[in-house]
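A.B. asks: Kindly return the folded structure for what I paste below:
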Amino acid sequence: MDPITHGMVGLAIATISGEPILGAVSLGTTLGAMAPDLDIVMQSKGHYAYLKNHRGMSHSLPFLAGIAGIISTVIHFIFPATAFGQILLWTFMGTLSHTLLDILNSYGAQIFWPLSKKRFSGSLLLVYDPMVIILSLYLIFSKEPKTLLSMKVGLIFVIYLFIRIIMKNRIYDKIIDKFGKDIHIMRVNLLPSMIGMHKWHFIIDSQEKSIVGEINIFNNKLKILKELEKKEIPFMDEITNSAIGKFFQSFTPIYHIDIQKKNGYYYVTFTDLRYFIKDDFLHHATAILSGELELLEGLFHPYSLNQSVSVI
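C.D. replies: Next up is the predicted model:
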């Protein structure tokens, strides 16, 4: 989610504490809720460095605890009348809210780094989710008793997530019914649309091809965006175990591999199937191998095929 939404959620959490809306606790929760996105500093080293590290270490439990401690120390110096432990507790809740919300959308986060580099993702919320914003504003501005209000908002949010889960299950069944008779489906991934609560993107992984599309839950219209045929790749292990192959697998769990042979060289294209914008996928990578399968070059294409960053 975007920093503004995270900051708004942090401020909403502060209202539950019973402390003044403008004070040490609210400052801590707001800054804490925005702090994990400090990994944006990696952008100074380029798109590759940023995307490789985004939602990694900075979204892990050790980092959340550490940054909460730093923020709380500074705030306690400014507001010495507020107990340090109180500031620390609520600031950590702010930092934790950031990672938990990011886990609920399709990009996910490495919450258990360094023990695990797995990126956990629930694929339920939009990047800019209107319900999260509405509930946060409700918490901030409502005059209702905060204990009752927080329980009400929490219940509404749980119901909202439950409805989103039901949506996913219904769409999954619809996709199986429509495509299951014609192709051998191995896996279906459902992701929230980037532009609307009423749309979901689906990625079908079958033996024959990958199908990427979207479905409108209001009218049940299903639209196929791309069909990518799978090719026989006899040296798949060499490709996936290469530097660029390992990077792309850590970058996205949902990808397609294509291969072409030109002038004695193999050109292998990796495509991240999660984000389809303006008639193309957002992220790609290219591996160039010699006829003897020696990796000559590995390129990452962030945001556009026109941008290339060397990985090896």
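A.B. asks: pLDDT below threshold where in the stretch 51-200 of the chain?
C.D. replies: Applying pLDDT under 70 to the stretch 51-200 of the chain flags the ranges 195.
A.B. asks: Let's see that with 90 instead.
C.D. replies: Residues of the stretch 51-200 of the chain meeting the criterion pLDDT under 90: 51-56, 105-108, 117-119, 126-128, 143, 145-147, 181-182, 193-198.
A.B. asks: Could you pull out the helices in it for me?
C.D. replies: 61-78, 84-103, 130-141, 146-179 (DSSP state H, counting those that start in this stretch).
A.B. asks: among those, which is the most enclosed?
C.D. replies: Neighbour counts (mean count of other Cβ atoms under 10 Å) averaged over each of these peak at helix 84-103, with a mean of 22. For the C-beta atoms, the positions are set from N, CA and C on the backbone; glycine is no exception.
A.B. asks: Do me a favour and average the pLDDT over the helix or strand harbouring Ile257.
C.D. replies: Using DSSP states H and E, Ile257 maps to strand 255-262. Mean pLDDT, strand 255-262: 92.
A.B. asks: Same question for stretch 210-221.
C.D. replies: Per-residue scores along stretch 210-221 average to 91.
A.B. asks: thinking again about what came up before, now the element after the strand holding Ile257, going C-ward?
C.D. replies: Downstream of strand 255-262, the first helix or strand assigned by DSSP H and E is strand 265-272.
A.B. asks: Tell me which residues of that following strand come out buried.
C.D. replies: Using 16 or more other Cβ atoms under 10 Å as the test for burial, strand 265-272 gives Tyr266, Val268, Thr269, Phe270, Thr271, Asp272.
A.B. asks: what's it packed up against?
C.D. replies: Helices and strands touching strand 265-272, by 3 or more Cβ pairs under 8 Å, 6 or more residues apart in numbering; DSSP states H and E, are helix 243-251, strand 255-262, strand 284-289.
A.B. asks: go again using 10 Å as the cut-off
C.D. replies: Contact partners of strand 265-272 among helices and strands, from 3 or more Cβ pairs under 10 Å, 6 or more residues apart in numbering; DSSP states H and E: helix 236-240, helix 243-251, strand 255-262, strand 280-281, strand 284-289, strand 295-301.
A.B. asks: Please point out which parts of the second one sit buried.
C.D. replies: Of the residues in helix 243-251, those scored as buried under the neighbour-count criterion (16+ other Cβ under 10 Å) are Ile244, Gly245, Phe247, Phe248, Phe251.
A.B. asks: For it, which outside residues touch it?
C.D. replies: The contact list for helix 243-251, computed with Cβ atoms under 10 Å, 6 or more residues apart in numbering, reads 48, 51-52, 54, 56, 110, 117-119, 236-242, 255, 257, 268, 270-272, 283-288, 295, 297-300, 302, 310-312.
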